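> with the input below, show me the fold.
(one chain, ligands or ions: 1)
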Amino acid sequence: MTSLSNKRILLIVSGGIAAYKALDLVRRLRERGASVVPVMTAGAKAFITPLALSSLAGAKVHDELFSLTDEAEMGHIELSRAADLVVIAPATANILAKMASGLADDLASTLLLATDKRTLVAPAMNLRMWLHPATQRNVATLRADGVLFCGPEDGAMACGEFGPGRMSEPLAIVDAIEAALTGDTTLPLPVGIAAAPGTKAPPLAGRRVVVTSGPTHEPIDPVRFIANRSSGKQGHAIAAAAARAGAEVILVSGPVAIPNPQGVTVHPVETAREMLAAVEAALPADIFIAAAAVADWRVSEEATEKLKKTGGGAPVLTLSENPDILATVSRPGARRPALVVGFAAETEHLLDHARAKLARKGCDMIVLNDVGTGTDTFGGDTNEVTLVTASETIPWPRLDKTEIAERLIETLVPRLEAKPS
Ligand code: C5P
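This is a model prediction of the structure:
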(Lines give C-alpha, C1' and ligand atoms only; values in the text may rest on other atoms or scores of the structure.)
Protein backbone atom coordinates (compact mmCIF):
# COMPACT_ATOMS: atom_id res chain seq x y z
CA MET A 1 0.00 0.00 0.00
CA THR A 2 1.45 3.38 -0.99
CA SER A 3 0.10 6.90 -0.61
CA LEU A 4 -1.09 6.75 -4.21
CA SER A 5 -2.88 3.37 -3.99
CA ASN A 6 -6.30 3.61 -5.62
CA LYS A 7 -5.89 7.31 -6.32
CA ARG A 8 -7.23 8.48 -9.62
CA ILE A 9 -5.20 11.12 -11.45
CA LEU A 10 -6.62 12.99 -14.41
CA LEU A 11 -3.44 13.79 -16.33
CA ILE A 12 -3.65 16.52 -18.94
CA VAL A 13 -0.70 16.56 -21.33
CA SER A 14 -0.32 19.81 -23.28
CA GLY A 15 1.91 20.53 -26.23
CA GLY A 16 5.57 20.96 -25.38
CA ILE A 17 8.75 18.95 -25.85
CA ALA A 18 8.55 17.98 -22.15
CA ALA A 19 5.51 15.84 -23.11
CA TYR A 20 7.94 12.93 -23.46
CA LYS A 21 8.55 13.15 -19.70
CA ALA A 22 4.79 12.74 -19.15
CA LEU A 23 5.20 9.15 -20.36
CA ASP A 24 7.65 8.45 -17.56
CA LEU A 25 5.38 10.27 -15.10
CA VAL A 26 2.54 7.90 -15.99
CA ARG A 27 4.80 4.90 -15.40
CA ARG A 28 5.92 6.22 -12.00
CA LEU A 29 2.35 6.97 -10.90
CA ARG A 30 1.15 3.51 -11.87
CA GLU A 31 4.12 1.88 -10.08
CA ARG A 32 2.82 3.58 -6.94
CA GLY A 33 -0.69 2.22 -7.40
CA ALA A 34 -2.42 5.24 -8.93
CA SER A 35 -4.67 4.99 -11.93
CA VAL A 36 -4.16 7.55 -14.64
CA VAL A 37 -6.82 8.91 -16.96
CA PRO A 38 -4.92 10.65 -19.78
CA VAL A 39 -6.12 13.68 -21.70
CA MET A 40 -4.18 15.22 -24.57
CA THR A 41 -4.45 18.61 -26.23
CA ALA A 42 -4.03 18.85 -30.00
CA GLY A 43 -0.52 20.29 -29.40
CA ALA A 44 0.52 17.33 -27.24
CA LYS A 45 -0.09 14.98 -30.15
CA ALA A 46 2.60 16.79 -32.13
CA PHE A 47 5.14 15.57 -29.54
CA ILE A 48 3.97 12.13 -28.38
CA THR A 49 1.40 9.70 -29.75
CA PRO A 50 -1.93 8.89 -28.07
CA LEU A 51 -0.99 5.22 -28.48
CA ALA A 52 2.17 5.60 -26.37
CA LEU A 53 0.30 7.47 -23.65
CA SER A 54 -2.66 5.09 -23.53
CA SER A 55 -0.37 2.02 -23.58
CA LEU A 56 1.51 3.25 -20.52
CA ALA A 57 -1.62 4.48 -18.75
CA GLY A 58 -3.49 1.28 -19.52
CA ALA A 59 -6.45 3.53 -20.31
CA LYS A 60 -8.02 5.30 -23.21
CA VAL A 61 -6.76 8.77 -24.12
CA HIS A 62 -9.46 11.45 -24.09
CA ASP A 63 -8.93 14.23 -26.58
CA GLU A 64 -12.21 15.38 -28.06
CA LEU A 65 -14.67 17.79 -26.51
CA PHE A 66 -17.61 16.76 -28.64
CA SER A 67 -17.11 13.01 -28.85
CA LEU A 68 -20.36 11.09 -29.20
CA THR A 69 -18.94 7.85 -27.79
CA ASP A 70 -17.14 9.54 -24.88
CA GLU A 71 -20.19 11.57 -23.94
CA ALA A 72 -22.29 8.40 -23.98
CA GLU A 73 -19.78 6.56 -21.75
CA MET A 74 -18.70 9.41 -19.48
CA GLY A 75 -19.41 13.10 -20.05
CA HIS A 76 -16.68 15.70 -19.65
CA ILE A 77 -18.18 16.99 -16.41
CA GLU A 78 -18.02 13.55 -14.85
CA LEU A 79 -14.54 12.92 -16.26
CA SER A 80 -13.27 16.04 -14.50
CA ARG A 81 -14.88 15.12 -11.20
CA ALA A 82 -14.21 11.40 -10.98
CA ALA A 83 -10.51 12.18 -10.39
CA ASP A 84 -8.88 12.70 -7.00
CA LEU A 85 -6.47 15.23 -8.49
CA VAL A 86 -6.10 16.99 -11.83
CA VAL A 87 -2.51 17.26 -13.01
CA ILE A 88 -1.23 19.17 -16.06
CA ALA A 89 2.23 18.02 -17.10
CA PRO A 90 3.64 19.61 -19.10
CA ALA A 91 1.62 22.81 -18.75
CA THR A 92 2.35 25.25 -21.58
CA ALA A 93 2.06 29.04 -21.36
CA ASN A 94 -1.05 28.69 -23.51
CA ILE A 95 -2.92 26.32 -21.20
CA LEU A 96 -1.99 28.45 -18.16
CA ALA A 97 -3.36 31.52 -19.98
CA LYS A 98 -6.58 29.69 -20.84
CA MET A 99 -6.98 28.46 -17.28
CA ALA A 100 -6.31 31.90 -15.80
CA SER A 101 -8.99 33.47 -17.95
CA GLY A 102 -11.50 30.62 -17.77
CA LEU A 103 -11.47 29.73 -21.45
CA ALA A 104 -12.99 26.39 -22.42
CA ASP A 105 -12.41 25.78 -26.12
CA ASP A 106 -11.19 22.18 -26.09
CA LEU A 107 -11.53 19.13 -23.87
CA ALA A 108 -8.55 19.91 -21.61
CA SER A 109 -9.54 23.51 -20.84
CA THR A 110 -13.19 22.51 -20.40
CA LEU A 111 -12.22 19.83 -17.86
CA LEU A 112 -10.12 22.39 -15.98
CA LEU A 113 -13.08 24.74 -15.77
CA ALA A 114 -15.56 22.00 -14.84
CA THR A 115 -13.56 20.22 -12.16
CA ASP A 116 -14.28 20.44 -8.45
CA LYS A 117 -10.90 18.91 -7.57
CA ARG A 118 -7.54 20.43 -6.82
CA THR A 119 -5.27 21.08 -9.78
CA LEU A 120 -1.49 20.73 -9.83
CA VAL A 121 0.47 22.12 -12.75
CA ALA A 122 4.03 21.40 -13.87
CA PRO A 123 4.88 24.23 -16.27
CA ALA A 124 7.34 23.75 -19.14
CA MET A 125 8.19 26.44 -21.64
CA ASN A 126 10.94 28.62 -23.03
CA LEU A 127 12.37 30.83 -20.27
CA ARG A 128 11.31 34.06 -22.00
CA MET A 129 7.75 32.78 -22.21
CA TRP A 130 7.89 31.86 -18.52
CA LEU A 131 9.36 35.23 -17.48
CA HIS A 132 6.97 37.20 -19.70
CA PRO A 133 4.79 39.47 -17.56
CA ALA A 134 1.66 37.94 -19.13
CA THR A 135 2.63 34.43 -17.98
CA GLN A 136 3.70 35.69 -14.56
CA ARG A 137 0.35 37.47 -14.23
CA ASN A 138 -1.48 34.27 -15.16
CA VAL A 139 0.56 32.23 -12.68
CA ALA A 140 -0.20 34.75 -9.91
CA THR A 141 -3.92 34.53 -10.76
CA LEU A 142 -3.84 30.74 -10.73
CA ARG A 143 -2.00 30.63 -7.40
CA ALA A 144 -4.58 32.99 -5.94
CA ASP A 145 -7.22 30.56 -7.25
CA GLY A 146 -5.55 27.78 -5.25
CA VAL A 147 -3.83 26.01 -8.16
CA LEU A 148 -0.68 24.20 -7.02
CA PHE A 149 2.61 24.49 -8.88
CA CYS A 150 5.52 22.10 -9.18
CA GLY A 151 8.46 23.88 -10.85
CA PRO A 152 9.50 24.96 -13.34
CA GLU A 153 13.19 24.35 -12.75
CA ASP A 154 16.21 26.28 -13.95
CA GLY A 155 18.15 24.44 -16.60
CA ALA A 156 19.13 24.02 -20.22
CA MET A 157 16.19 24.31 -22.61
CA ALA A 158 15.58 22.19 -25.69
CA CYS A 159 15.97 25.46 -27.64
CA GLY A 160 19.53 25.94 -26.31
CA GLU A 161 18.82 28.73 -23.80
CA PHE A 162 19.37 28.38 -20.06
CA GLY A 163 17.07 29.54 -17.28
CA PRO A 164 13.73 28.89 -15.60
CA GLY A 165 11.22 26.93 -17.67
CA ARG A 166 12.25 23.27 -17.57
CA MET A 167 9.55 20.90 -16.41
CA SER A 168 10.31 19.28 -13.06
CA GLU A 169 11.52 15.71 -13.25
CA PRO A 170 8.77 13.05 -13.09
CA LEU A 171 9.78 11.90 -9.58
CA ALA A 172 9.55 15.48 -8.28
CA ILE A 173 6.07 15.73 -9.80
CA VAL A 174 5.12 12.42 -8.15
CA ASP A 175 6.24 13.86 -4.80
CA ALA A 176 4.17 16.99 -5.43
CA ILE A 177 1.14 14.84 -6.33
CA GLU A 178 1.53 12.85 -3.10
CA ALA A 179 1.82 16.11 -1.15
CA ALA A 180 -1.27 17.54 -2.88
CA LEU A 181 -3.28 14.41 -2.11
CA THR A 182 -2.25 14.40 1.53
CA GLY A 183 -3.20 18.04 1.90
CA ASP A 184 0.36 19.44 2.04
CA THR A 185 0.18 22.59 -0.03
CA THR A 186 3.59 23.98 0.89
CA LEU A 187 5.03 23.00 -2.48
CA PRO A 188 7.96 25.13 -3.68
CA LEU A 189 6.92 28.40 -5.25
CA PRO A 190 7.52 28.71 -8.96
CA VAL A 191 10.56 30.79 -9.94
CA GLY A 192 9.80 34.49 -10.20
CA ILE A 193 6.66 34.51 -8.10
CA ALA A 194 6.72 36.69 -5.01
CA ALA A 195 6.90 34.62 -1.87
CA ALA A 196 3.56 33.86 -0.28
CA PRO A 197 3.20 34.40 3.48
CA GLY A 198 5.06 31.74 5.41
CA THR A 199 7.48 30.91 2.59
CA LYS A 200 11.11 32.03 2.37
CA ALA A 201 12.07 34.96 0.15
CA PRO A 202 15.00 34.35 -2.24
CA PRO A 203 18.33 34.97 -0.43
CA LEU A 204 19.24 38.24 -2.18
CA ALA A 205 15.73 39.71 -2.37
CA GLY A 206 15.92 43.47 -1.76
CA ARG A 207 19.70 43.52 -2.36
CA ARG A 208 21.55 45.31 -5.16
CA VAL A 209 24.51 43.70 -6.88
CA VAL A 210 26.82 45.41 -9.39
CA VAL A 211 28.97 43.20 -11.62
CA THR A 212 31.59 44.12 -14.24
CA SER A 213 32.26 41.69 -17.05
CA GLY A 214 34.13 41.27 -20.33
CA PRO A 215 37.17 43.10 -21.65
CA THR A 216 37.60 46.82 -22.21
CA HIS A 217 38.57 48.26 -25.56
CA GLU A 218 41.04 51.13 -25.43
CA PRO A 219 41.10 53.00 -28.74
CA ILE A 220 44.35 53.72 -30.60
CA ASP A 221 42.67 55.45 -33.52
CA PRO A 222 39.14 55.28 -34.98
CA VAL A 223 39.63 51.67 -36.20
CA ARG A 224 42.12 50.07 -33.81
CA PHE A 225 42.06 49.33 -30.12
CA ILE A 226 43.91 47.52 -27.32
CA ALA A 227 41.88 44.62 -25.91
CA ASN A 228 42.22 41.19 -24.28
CA ARG A 229 40.73 37.73 -24.62
CA SER A 230 38.01 37.97 -21.95
CA SER A 231 34.71 36.50 -23.22
CA GLY A 232 32.54 37.81 -20.38
CA LYS A 233 31.17 34.29 -19.74
CA GLN A 234 32.15 34.20 -16.06
CA GLY A 235 30.96 37.74 -15.24
CA HIS A 236 27.69 37.29 -17.10
CA ALA A 237 27.08 33.95 -15.34
CA ILE A 238 27.63 35.67 -11.98
CA ALA A 239 25.16 38.42 -12.84
CA ALA A 240 22.59 35.78 -13.87
CA ALA A 241 23.14 33.79 -10.66
CA ALA A 242 22.70 36.92 -8.52
CA ALA A 243 19.45 37.71 -10.36
CA ARG A 244 18.19 34.16 -9.80
CA ALA A 245 18.98 34.65 -6.10
CA GLY A 246 16.53 37.56 -6.15
CA ALA A 247 18.94 40.54 -6.33
CA GLU A 248 18.50 43.65 -8.44
CA VAL A 249 21.53 43.29 -10.72
CA ILE A 250 23.39 45.94 -12.73
CA LEU A 251 25.86 44.41 -15.16
CA VAL A 252 28.45 46.81 -16.56
CA SER A 253 29.85 44.98 -19.55
CA GLY A 254 32.66 45.63 -21.96
CA PRO A 255 32.21 44.52 -25.61
CA VAL A 256 31.25 40.80 -25.63
CA ALA A 257 29.69 38.40 -28.12
CA ILE A 258 27.39 36.62 -25.66
CA PRO A 259 23.71 37.37 -24.89
CA ASN A 260 22.61 39.56 -22.00
CA PRO A 261 21.63 37.47 -18.96
CA GLN A 262 17.95 37.28 -17.98
CA GLY A 263 16.57 39.59 -15.35
CA VAL A 264 19.63 41.87 -15.30
CA THR A 265 20.03 45.55 -16.26
CA VAL A 266 22.99 45.79 -18.64
CA HIS A 267 25.09 48.94 -19.18
CA PRO A 268 27.36 48.35 -22.18
CA VAL A 269 30.66 50.26 -22.15
CA GLU A 270 33.90 50.19 -24.14
CA THR A 271 36.74 51.74 -22.17
CA ALA A 272 37.94 51.40 -18.58
CA ARG A 273 37.03 55.01 -17.89
CA GLU A 274 33.49 54.43 -19.16
CA MET A 275 33.29 51.29 -17.04
CA LEU A 276 34.32 53.20 -13.90
CA ALA A 277 31.74 55.92 -14.60
CA ALA A 278 28.96 53.33 -15.14
CA VAL A 279 29.91 51.46 -11.94
CA GLU A 280 29.96 54.66 -9.89
CA ALA A 281 26.55 55.59 -11.30
CA ALA A 282 25.23 52.14 -10.29
CA LEU A 283 26.33 52.51 -6.65
CA PRO A 284 25.34 52.23 -3.85
CA ALA A 285 25.13 48.46 -3.83
CA ASP A 286 25.35 45.63 -1.32
CA ILE A 287 27.83 43.62 -3.39
CA PHE A 288 30.30 44.64 -6.10
CA ILE A 289 31.92 41.90 -8.15
CA ALA A 290 34.70 42.98 -10.53
CA ALA A 291 34.89 40.14 -13.03
CA ALA A 292 35.89 42.32 -15.99
CA ALA A 293 39.36 42.08 -17.50
CA VAL A 294 40.00 45.81 -17.50
CA ALA A 295 42.91 47.05 -19.62
CA ASP A 296 45.58 48.43 -17.32
CA TRP A 297 46.72 50.92 -19.92
CA ARG A 298 45.20 53.15 -22.53
CA VAL A 299 46.80 55.10 -25.34
CA SER A 300 47.47 58.56 -23.94
CA GLU A 301 46.30 60.37 -27.03
CA GLU A 302 43.82 58.59 -29.24
CA ALA A 303 44.48 59.59 -32.87
CA THR A 304 41.46 61.25 -34.44
CA GLU A 305 42.37 59.88 -37.90
CA LYS A 306 43.50 56.36 -38.80
CA LEU A 307 47.26 56.03 -38.33
CA LYS A 308 49.03 55.60 -41.68
CA LYS A 309 52.28 53.95 -42.65
CA THR A 310 54.51 56.89 -43.39
CA GLY A 311 57.70 55.08 -44.35
CA GLY A 312 59.33 56.75 -41.39
CA GLY A 313 59.12 53.71 -39.10
CA ALA A 314 56.46 52.44 -36.70
CA PRO A 315 54.50 54.96 -34.62
CA VAL A 316 55.29 55.13 -30.93
CA LEU A 317 52.28 54.67 -28.67
CA THR A 318 52.49 56.40 -25.32
CA LEU A 319 50.36 54.69 -22.67
CA SER A 320 48.71 56.05 -19.53
CA GLU A 321 47.44 54.03 -16.62
CA ASN A 322 43.71 53.38 -16.46
CA PRO A 323 41.76 53.97 -13.25
CA ASP A 324 41.54 50.86 -11.09
CA ILE A 325 37.80 50.31 -10.72
CA LEU A 326 38.10 47.59 -8.07
CA ALA A 327 40.48 49.64 -5.91
CA THR A 328 38.30 52.73 -6.31
CA VAL A 329 35.11 50.94 -5.24
CA SER A 330 36.95 49.22 -2.35
CA ARG A 331 38.01 52.50 -0.78
CA PRO A 332 36.51 52.86 2.71
CA GLY A 333 33.57 55.24 2.85
CA ALA A 334 29.83 55.41 3.09
CA ARG A 335 29.36 54.26 -0.51
CA ARG A 336 31.61 51.20 -0.21
CA PRO A 337 29.48 48.07 -0.83
CA ALA A 338 29.37 45.67 2.14
CA LEU A 339 31.14 43.04 0.04
CA VAL A 340 33.66 43.75 -2.71
CA VAL A 341 35.00 40.84 -4.74
CA GLY A 342 37.79 40.99 -7.31
CA PHE A 343 39.23 38.48 -9.74
CA ALA A 344 42.88 37.70 -10.29
CA ALA A 345 44.03 36.00 -13.46
CA GLU A 346 47.56 34.82 -12.79
CA THR A 347 50.09 32.62 -14.56
CA GLU A 348 52.66 32.11 -11.75
CA HIS A 349 53.01 32.34 -7.94
CA LEU A 350 49.24 32.31 -7.91
CA LEU A 351 48.46 32.49 -4.19
CA ASP A 352 51.16 35.05 -3.36
CA HIS A 353 49.91 37.34 -6.10
CA ALA A 354 46.28 36.87 -5.05
CA ARG A 355 47.05 37.73 -1.41
CA ALA A 356 49.05 40.78 -2.45
CA LYS A 357 46.18 41.85 -4.71
CA LEU A 358 43.63 41.47 -1.91
CA ALA A 359 45.64 43.87 0.23
CA ARG A 360 46.51 46.29 -2.56
CA LYS A 361 42.96 46.61 -3.85
CA GLY A 362 41.33 46.65 -0.41
CA CYS A 363 38.60 44.18 -1.41
CA ASP A 364 37.08 41.42 0.74
CA MET A 365 37.72 38.47 -1.54
CA ILE A 366 39.78 37.58 -4.58
CA VAL A 367 38.61 34.85 -6.94
CA LEU A 368 41.91 33.54 -8.23
CA ASN A 369 42.20 31.72 -11.52
CA ASP A 370 45.11 30.19 -13.29
CA VAL A 371 45.25 31.48 -16.85
CA GLY A 372 48.59 29.88 -17.68
CA THR A 373 49.08 28.11 -21.01
CA GLY A 374 46.79 25.12 -21.53
CA THR A 375 44.17 26.19 -18.95
CA ASP A 376 41.54 27.31 -21.50
CA THR A 377 40.05 29.73 -18.94
CA PHE A 378 39.76 32.70 -21.30
CA GLY A 379 36.77 32.03 -23.55
CA GLY A 380 36.24 28.47 -22.27
CA ASP A 381 33.16 27.20 -20.44
CA THR A 382 34.97 25.98 -17.34
CA ASN A 383 37.18 27.57 -14.74
CA GLU A 384 39.23 26.41 -11.77
CA VAL A 385 39.30 28.98 -9.00
CA THR A 386 40.48 29.48 -5.44
CA LEU A 387 38.70 31.93 -3.16
CA VAL A 388 41.16 34.01 -1.18
CA THR A 389 40.14 36.21 1.75
CA ALA A 390 42.22 37.73 4.55
CA SER A 391 41.82 34.54 6.59
CA GLU A 392 40.90 31.77 4.13
CA THR A 393 42.09 29.99 1.01
CA ILE A 394 39.32 27.87 -0.49
CA PRO A 395 40.22 25.87 -3.60
CA TRP A 396 37.38 24.64 -5.80
CA PRO A 397 37.64 21.89 -8.42
CA ARG A 398 37.37 22.70 -12.13
CA LEU A 399 33.70 23.56 -12.70
CA ASP A 400 31.42 25.03 -15.30
CA LYS A 401 31.45 28.83 -15.18
CA THR A 402 27.71 28.77 -14.40
CA GLU A 403 28.34 26.42 -11.46
CA ILE A 404 31.14 28.69 -10.19
CA ALA A 405 28.74 31.62 -10.43
CA GLU A 406 26.06 29.79 -8.42
CA ARG A 407 28.54 28.72 -5.75
CA LEU A 408 30.08 32.17 -5.51
CA ILE A 409 26.67 33.75 -4.90
CA GLU A 410 25.84 31.00 -2.36
CA THR A 411 29.15 31.73 -0.60
CA LEU A 412 28.52 35.47 -0.51
CA VAL A 413 24.96 35.31 0.90
CA PRO A 414 25.91 34.35 4.51
CA ARG A 415 28.90 36.72 4.42
CA LEU A 416 26.60 39.57 3.44
CA GLU A 417 24.08 38.61 6.12
CA ALA A 418 26.88 38.61 8.70
CA LYS A 419 27.74 42.26 7.90
CA PRO A 420 26.13 44.94 10.03
CA SER A 421 23.63 46.82 7.87
O1 C5P B 1 45.32 44.29 -11.14
P2 C5P B 1 44.60 43.26 -11.87
O3 C5P B 1 44.12 43.70 -13.25
O4 C5P B 1 45.26 41.92 -11.96
O5 C5P B 1 43.30 42.99 -10.98
C6 C5P B 1 42.24 42.21 -11.38
C7 C5P B 1 41.00 42.63 -10.69
O8 C5P B 1 40.89 44.04 -10.65
C9 C5P B 1 39.76 42.18 -11.42
O10 C5P B 1 38.72 41.99 -10.48
C11 C5P B 1 39.46 43.36 -12.32
O12 C5P B 1 38.09 43.41 -12.70
C13 C5P B 1 39.84 44.52 -11.45
N14 C5P B 1 40.36 45.68 -12.17
C15 C5P B 1 39.62 46.84 -12.19
N16 C5P B 1 40.13 47.96 -12.82
C17 C5P B 1 41.34 47.92 -13.43
C18 C5P B 1 42.07 46.73 -13.40
C19 C5P B 1 41.57 45.63 -12.78
O20 C5P B 1 38.52 46.86 -11.64
N21 C5P B 1 41.78 49.00 -14.03
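
> show me the helices in the chain, by range?
19-31, 50-57, 68-73, 76-81, 93-101, 107-114, 127-131, 133-144, 170-181, 233-244, 272-282, 325-330, 350-361, 401-418 (DSSP state H).

> buried residues, stretch 351-369. List them.
Using 16 or more other CB atoms under 10 Å as the test for burial, stretch 351-369 gives 353-355, 357-358, 361-369. From N, CA and C alone the C-beta is placed, and that goes for glycine too.

> try stretch 76-87
Quick answer for stretch 76-87 (16+ other CB under 10 Å): His76, Leu79, Ser80, Ala83, Asp84, Leu85, Val86, Val87.

> so which of those residues is the closest to the ligand?
Val87 (47.9 Å; CB to the nearest ligand atom).

> excluding residues flanking it in the chain, which one is nearest the residue of the stretch 101-250 of the chain found nearest the ligand?
Going by CB to the nearest ligand atom, the ligand is nearest to Thr212 of the stretch 101-250 of the chain, at 5.7 Å. Excluding the flanking residues, the one nearest Thr212 by CB to CB, 6 or more residues apart in numbering is Ala292, at 3.7 Å.

> give me the number of residues near that neighbour?
Ala292 has 29 neighbours, counted by other CB atoms under 10 Å.

> residues touching it, list them.
212-216, 230, 232, 235, 252-254, 275, 325 (CB atoms under 8 Å, 6 or more residues apart in numbering).

> now do 6 Å
Thr212, Ser213, Gly214, Gly254 (CB atoms under 6 Å, 6 or more residues apart in numbering).

> just to be sure, which of those residues are found in strands?
The members of the contacts of Ala292 that map onto strands under DSSP state E are Thr212, Ser213.

> looking at the contacts of Ala292, spot the one nearest Pro50.
Ser213 (48.1 Å; CB to CB).

> contact partners for the closest one?
Residues in contact with Ser213, defined by CB under 6 Å, 6+ apart, are Gly232, Gly235, His236, Ser253, Ala291, Ala292.

> how does it look with 8 Å?
Applying CB under 8 Å, 6+ apart, the residues near Ser213 are 230, 232, 234-236, 238-239, 251-254, 256, 291-292.

> list the residues that contact the residue lying closest to it once chain neighbours are set aside.
Spatially, and ignoring its direct neighbours in sequence, Ser213 is nearest to Gly235 (2.4 Å; CB to CB, 6+ apart). For Gly235, the contact set (CB under 8 Å, 6+ apart) comprises Val211, Thr212, Ser213, Gly214, Leu251, Ser253, Ile289, Ala291, Ala292.

> now pLDDT too, for those residues, in TSV please.
Output for those, formatted as TSV (pLDDT from 0 to 100):
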residue	pLDDT
Val211	98
Thr212	98
Ser213	98
Gly214	97
Leu251	97
Ser253	98
Ile289	98
Ala291	97
Ala292	98
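
> quick one: least confident helix or strand in the chain?
Across the helices and strands of the chain, the lowest-confidence element by mean pLDDT, DSSP states H and E is helix 68-73, at a mean of 54.

> kindly check the end-to-end length of stretch 118-135 for me.
End-to-end distance of stretch 118-135 (CA to CA, to the nearest Å): 21 Å.

> for burial, what's the neighbour tally of Val215?
Actually, residue 215 is Pro. It isn't Val. Other residues near Pro215 number 24, with proximity taken as other CB under 10 Å.

> just checking, it touches Ala293?
Yes: if you go by CB atoms under 8 Å, Pro215 and Ala293 touch, sitting 5.1 Å apart.

> which residues do those two both contact?
Asn228, Arg229, Ser230, Gly254.

> contacts only, for Pro50.
The neighbours of Pro50, taking CB under 8 Å, 6+ apart as the test, are Met40, Val61, Asp63.

> could you tell me the per-residue confidence at it?
Per-residue confidence (pLDDT) for Pro50: 96.

> tell me the confidence at His349?
Here the pLDDT value assigned to His349 is 87.

> tally of neighbours for it?
When neighbours are counted by other CB under 10 Å, His349 comes out with 9.

> make 3 the starting number, not 1.
Okay, residue one is now 3; in that scheme the one you just asked about reads as His351.

> where's it relative to the ligand, distance?
13 Å (CB to the nearest ligand atom, to the nearest Å).

> give me phi/psi at that residue?
For His351, the backbone dihedrals (degrees, to the nearest 10) come out as phi 40, psi 50.

> what is the burial count for Leu410?
Applying other CB under 10 Å, we find 22 residues neighbouring Leu410.

> kind regards, and thank you for your time.
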